[in-house]
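Requesting a structural model of the entry that follows:
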Amino acid sequence: MLKDKASLRNEREARVRQRIRKTLRGTAERPRVFVFKSNRYVYTQAVNDETGTILASACSLEKGFREQHKNTKNLSSCEALGEIMAQRLKARNIAAIVFDRGAYPYHGRIKALAEAMRKGGLVF
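Numbering: from 1, shown residues only. As a prediction, the model looks like this:
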């Protein structure tokens, strides 16, 4: 039976995500920062994989963020989101992370987010 393009893309992304997650593990001292992009917003979470807890999160859906940035899908808003995430992790005394890009290629908005977190003082 033929599959539609959306299901083929979802299966491919799931394979890529599993391949990447095999090698990346987050700890309490060095959490895994996961990035998810929807059609409208960008979400980031710092996860401790040993206990399965979320240490910090930031997304472009937050009310204060949307008041400052009208367009939540461009490079400048992703840079601002990376700076916010870096500040929240620094407040929890976390200086090193493991960056998990998911199934997304490392360019564009994902790259802008990662470089903004590096400018914020995180090491990865």
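
For stretch 106-122, buried residues please.
Judged by neighbour count using 16 or more other Cβ atoms under 10 Å, the buried positions of stretch 106-122 are 109-110, 112-114, 116-117, 120, 122. All C-beta atoms are positioned from the backbone trio N, CA, C, and that covers glycine.

and of those, the nearest to Pro31?
Leu122 (10.3 Å; Cβ to Cβ).

mind pulling up the phi and psi values for that closest one?
phi -90, psi 150 (degrees, to the nearest 10).

quick one: Gly102 and Ser38 touch, right?
No. Gly102 is not in contact with Ser38 according to Cβ atoms under 8 Å; the separation is 11.9 Å.

ok, so what distance separates the residue nearest to Lys37 when sequence neighbours are not counted from Lys70?
Excluding the flanking residues, the one nearest Lys37 by Cβ to Cβ, 6 or more residues apart in numbering is Tyr104, at 6.3 Å. Distance, Tyr104 to Lys70, using Cβ to Cβ, to the nearest Å: 23 Å.

and what of Ala86?
Using Cβ to Cβ, Ala86 is found at 23 Å from Lys70.

and what of Ala95?
Taken as Cβ to Cβ, the span from Ala95 to Lys70 is 32 Å.

These two - which one has more neighbours?
Between Ala95 and Lys70, counted using other Cβ atoms under 10 Å, Ala95 has the larger neighbour count: 13 against 8.

what about Ser60, neighbour count?
The tally of other residues near Ser60 (other Cβ under 10 Å) stands at 22.

That one touches Thr44, doesn't it?
No. Ser60 is not in contact with Thr44 according to Cβ under 8 Å; the separation is 9.3 Å.

Out of the buried residues of stretch 106-122, which comes closest to Leu75?
Ala112 (4.6 Å).

In terms of pLDDT, where does Ala46 sit?
With respect to pLDDT, Ala46 scores 96.

one step back: mind pulling the model confidence for the residue nearest to Lys37?
Tyr104 is assigned 90 on the pLDDT scale.

Show the residue spans covered by the helices in this structure.
Using DSSP state H, the helices of the chain run over 5-23, 63-68, 75-91, 109-119.

Would you format these as JSON lines with mean pLDDT included?
Converted to JSON lines, the helices of the chain look like this (pLDDT from 0 to 100):
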{"stretch": "helix 5-23", "mean pLDDT": "89"}
{"stretch": "helix 63-68", "mean pLDDT": "92"}
{"stretch": "helix 75-91", "mean pLDDT": "96"}
{"stretch": "helix 109-119", "mean pLDDT": "96"}
